[in-house]
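Visitor: structural data only, the sequence is not supplied:
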């Protein structure tokens, strides 16, 4: 990428300000004072120093964060009234981050934040059938008939019924908790499915996407970067395979 683009993405200033900084000899690339804003750089290979600060230390083209989304936060990049999931990510390096899919404002749990558009598209594509597992606390007890209806597809007011899902009950210290596994992500889908069977969601948490579960050590609002192994588990591809695409 262009040097001035990288410096702008790093929060140094406007293109005009960056041009002046380069003119004043404040930027070095691999130990050499940069002369041209338009010079080509690779932040993963070149060392870029601004005012004695190494901007490329810890840099990566794509970033992947696992966030335990708390209630009261919206799944958006910007919002005039509410805190967004992007507001919770503060590393100093990242630009163009976005949530992969959405969780309702009052829903907690697994949310991937990334600037890798290809991975985001793959995980959300209906054709890929990537599983999303939810922990659902309901107003009324779930019956065996409810399980069959949830798994068989329901009319929730859309043009087509929901795709067949998987559902089972977890007994957690005497409390029965519904687990619902979906392969699609319609608007308010879990809540609408429970409404369709005459029940109501009182608490909703996403705990898994694909083969990756929410880190139990992450409190609501906490996040961390994915490991290479977790990213491969989530995407189904190695780093070399992802770089080829």
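Guide: Yes, it's here. Bear in mind that the values here come from a model prediction, so they are computed numbers and not experimental data.

Visitor: in the sheet, who's paired with the nearest residue to residue 78 once chain neighbours are set aside?
Guide: The shortest distance from residue 78 to any non-neighbouring residue, by CB to CB, 6 or more residues apart in numbering, is to residue 84 (6.3 Å). Glycine gets a C-beta too; all of them are placed from N, C-alpha and C. For residue 84, the residues forming beta bridges with it (DSSP bridges) are residue 74.

Visitor: residue 84 - how many residues pack around it?
Guide: Neighbourhood size, residue 84 [other CB atoms under 10 Å]: 15.

Visitor: OK, contacts around it?
Guide: Each residue near residue 84 by CB atoms under 8 Å, 6 or more residues apart in numbering is listed here: 73-78.

Visitor: repeat that with 10 Å
Guide: Residues counted as contacts of residue 84 (CB atoms under 10 Å, 6 or more residues apart in numbering) are 73-78, 99.

Visitor: can you pull the buried residues of stretch 204-222?
Guide: Buried residues in stretch 204-222, counting neighbours by 16 or more other CB atoms under 10 Å, are found at 204-210, 212, 214-215, 218, 221.

Visitor: neighbours of residue 131, just the number please.
Guide: For residue 131, using other CB under 10 Å, the count is 14.

Visitor: so it is in contact with residue 185, correct?
Guide: No: counting by CB atoms under 10 Å, residue 131 does not reach residue 185; the two are 11.0 Å apart.

Visitor: ok, back up a step: so how far is residue 62 from the residue nearest to residue 78?
Guide: 20 Å (CB to CB, to the nearest Å).

Visitor: again, but for residue 111
Guide: Relative to residue 62, and taking CB to CB, residue 111 is found at 17 Å.

Visitor: likewise for residue 171?
Guide: Taking CB to CB, one finds residue 171 at 40 Å from residue 62.

Visitor: the two: who's more crowded?
Guide: residue 62 (15 against 8).

Visitor: pick out the residue closest to the middle of the protein.
Guide: residue 112 (2.0 Å; CA atoms, centre = their mean).

Visitor: what pLDDT is listed against the nearest residue in space to that residue that is not next to it in sequence?
Guide: For residue 112, ignoring the flanking residues on the chain, the nearest one in space by CB to CB, 6+ apart is residue 100 at 4.1 Å. Listed pLDDT for residue 100 reads 96.

Visitor: how far away is residue 100 from residue 154?
Guide: Distance, residue 100 to residue 154, by CB to CB: 25 Å.

Visitor: same check, this time on residue 55
Guide: 51 Å.

Visitor: ditto for residue 4
Guide: 53 Å.

Visitor: mind checking which helix or strand of this structure has the lowest mean pLDDT?
Guide: helix 239-244 (a mean of 53; mean pLDDT, DSSP states H and E).

Visitor: surely residue 3 is in contact with residue 40?
Guide: Yes: using CB under 10 Å, residue 3 makes contact with residue 40 at a distance of 7.6 Å.

Visitor: can you work out which residues contact both of the two?
Guide: By CB under 10 Å, 6+ apart, the residues touching both residue 3 and residue 40 are 29, 46.

Visitor: these two - which one has more neighbours?
Guide: Ranked by neighbour count (other CB under 10 Å), residue 3 and residue 40 place residue 3 first, with 22 against 11.

Visitor: where does the chain have low pLDDT?
Guide: The chain contains residues with pLDDT under 70 at 58, 92-94, 237-245.

Visitor: quick one, strands of it?
Guide: 27-29, 32-33, 48-50, 53-54, 64-69, 98-99, 108-114, 132-138, 166-172, 175-182, 201-209, 212-213, 223-225 (DSSP state E).

Visitor: what sits up against the fourth one?
Guide: Among residues not part of strand 53-54, those counted as contacts by CB under 10 Å, 6+ apart are 10, 12, 28, 47-48.

Visitor: try 8 Å
Guide: Contacts for strand 53-54 (CB under 8 Å, 6+ apart): 47-48.
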